[in-house]
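Novice: structure for the following, please:
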Amino acid sequence: MTASPTLTRATRFAPEAILLCGCLTAIITFGPRASVGLFQIPMSQDFGWSREVFSFAVAIQNLLWGVGQPFAGAVADRFGVVRVLIGGALLYAAGQALMAYSSTPSAMALSAGVLIGFGLSGCSFNLVLGAFGKLLPESWRGMAFGAGTAAGSLGQFLFPPIGSVLIEHLGWQSTSLIFSATILAVVPLSLTLATRGAASATSHGPSQSVGQAFAEALRHRSYVLLVLGFFTCGFQLAFITSHMPAYLSDLGLPAWVGGWTLAVIGLANAVGSLTSGWLCTRMPRRYLLSAIYLGRALAVLVFIMLPPSPANAIGFGVAMGLLWLSTVPPTSSLVALMFGTRYLSMLYGFAFFSHQLGGFLGVWLGGVLYEQTGSYLIVWWLSVALGVASAAINLPIREKAVARPEVAPA
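Specialist: Here you go, the predicted structure:
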């Protein structure tokens, strides 16, 4: 694959450099977020919190990550992704650092909830995928979306076991500060993802305002179905990320099992995401999405029916990991196919809002229902039901560009 001359002049960086720095950004930003569940038990024990306190803060994080994503995407589409990534990284690092000193529920909600949530909306792999869509040749996009998603998965593989060791030897507060310092590496990496000035060379679609593009998407049935199906992805992922270590601990398994279960999810997800990106160019993406959601439902069903053991937990991590973020390449590429790449960051960002709304409910309900029933079983069964529903929702999606008349420049 080679870049077009226009592309390289517009971006000043080779596609390989763009892909590498974008993937490193995804690793660094997704890793600490994927490790959040490791902090639940030590923080709750130190401060005498119920699990609902921690769950509410992380639920707020998921919700605000989703709320901020379309706005961060719109700013990135209009002014370029670099300043959005830098601002997001600074907020994220500040929230991660302040979490180390959050001794009250309100402080926890502010640091782990508000600051990290809005920070992630400005520097997560979703913004990286939007930059890939604008800066890389079309022939690169399917695999680039898969590689960017897989990089986030690699962060999930690396950070939880490292975080588990750091918490054991240095304590959860020092671990949170180390994670905060790591996040600041996003600032120099983001410079290779400059998109301002490249949009005219790489984006396609009619001249539209942000409002016109958003209204068009909301009237498009296939886009609405895609957005609704993405809700389930967030519900399942956020619940497992936040509550899996505590769930396994409740079953009498040692703490290392939770950390390694999250880690193998990340490792398997790297394989699943790359495979999903490759399959995007070789089969209908609606069928791929439907198969992923159905596979998740089956994986959860088998896991909760089996007796608890380290082997079963790790096996579930592998199975779920292969399906973890494999929804992202077909979802983002479908948005680009339907509407072009000019407002890809914003329109994918709105789909991600649905994802994070599901994440909010998954994390929050996990904590609330656990406090009320002493079990996570209800939420596990909800994950199965939602997986089946999303498998059905994605089947009617039509995979073609939206039909529209020329729109006058705004």
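
Novice: may I ask which helix or strand of the chain has the lowest mean pLDDT?
Specialist: helix 199-202 (a mean of 42; mean pLDDT, DSSP states H and E).

Novice: which residue packs closest to Phe39, ignoring adjacent ones?
Specialist: Trp172 (5.4 Å; C-beta to C-beta, 6 or more residues apart in numbering). For glycine as for every other residue, the C-beta is placed from the backbone atoms N, C-alpha and C.

Novice: next up, the contacts around the one you found.
Specialist: 38-39, 42-43, 46, 100 (C-beta atoms under 8 Å, 6 or more residues apart in numbering).

Novice: got a quick ChimeraX command for the buried subset of those residues?
Specialist: Remark: buried members of the contacts of Trp172, expressed as a ChimeraX selection using 16 or more other C-beta atoms under 10 Å:
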select :38,39,42,43,100
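
Novice: now do the contacts for Leu115.
Specialist: 91-92, 94-95, 98.

Novice: for Ala74, same thing?
Specialist: 210, 343, 345-346, 349.

Novice: 10 Å - rerun?
Specialist: The neighbourhood of Ala74, defined by C-beta atoms under 10 Å, 6 or more residues apart in numbering, consists of 84, 210-211, 213-214, 343, 345-347, 349-350.

Novice: same thing with Val363?
Specialist: 36-37, 54-63, 234-235, 237-243, 379.

Novice: same check, this time on Pro42
Specialist: Here Pro42 is in contact with 167-168, 171-173, 175, 255 (C-beta under 10 Å, 6+ apart).

Novice: from the residues you listed, list just the buried residues.
Specialist: For the contacts of Pro42, buried by 16+ other C-beta under 10 Å: 167, 172-173, 175, 255.

Novice: farthest-separated two in those?
Specialist: Spatially, the most separated pair among these is Gln173 and Ala255, at 17.4 Å (C-beta to C-beta).

Novice: remind me which residues of the stretch 1-150 of the chain are low pLDDT?
Specialist: 1-11, 138-139, 141-142 (pLDDT under 70).

Novice: cool, the stretch 301-410 of the chain as well?
Specialist: 403-410.

Novice: that one: helices as residue ranges?
Specialist: For the stretch 301-410 of the chain, applying DSSP state H, counting those that start in this stretch gives helices covering 310-322, 328-339, 344-373, 377-393.

Novice: now the longest one: buried residues?
Specialist: Read it as helix 344-373. 344-370.

Novice: please apply the same query to the first one.
Specialist: By neighbour count, and taking 16+ other C-beta under 10 Å as the criterion, the buried residues in helix 310-322 are 312-322.

Novice: which one of those residues is nearest Ile28?
Specialist: After measuring these against Ile28 - C-beta to C-beta - the closest member comes out as Gly321, at 19.5 Å.

Novice: which helix or which strand is home to the nearest residue to that closest one once chain neighbours are set aside?
Specialist: Spatial nearest neighbour of Gly321, excluding adjacent residues (C-beta to C-beta, 6+ apart): Ala268 at 2.8 Å. Taking DSSP states H and E as the criterion, Ala268 maps to helix 255-279.

Novice: do the same with Gly234
Specialist: Using DSSP H and E, Gly234 falls in helix 221-250.

Novice: any chance of the contacts of Trp172 in a markdown table, with secondary structure too?
Specialist: Below are these laid out as a markdown table (DSSP: H, G, I helix; E, B strand; the rest coil):
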| residue | secondary structure |
| --- | --- |
| Leu38 | helix |
| Phe39 | helix |
| Pro42 | helix |
| Met43 | helix |
| Asp46 | helix |
| Ala100 | coil |
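
Novice: which member of the contacts of Trp172 is positioned nearest Ala389?
Specialist: Leu38 (30.7 Å).

Novice: next up, the contacts around the closest one.
Specialist: With C-beta under 10 Å, 6+ apart, Leu38 has these contacts: 159-161, 163-164, 166-168, 172, 175, 245-246, 255, 258-259, 262.

Novice: cool, and Ala311?
Specialist: Ala311 makes contact with Val257, according to C-beta under 10 Å, 6+ apart.
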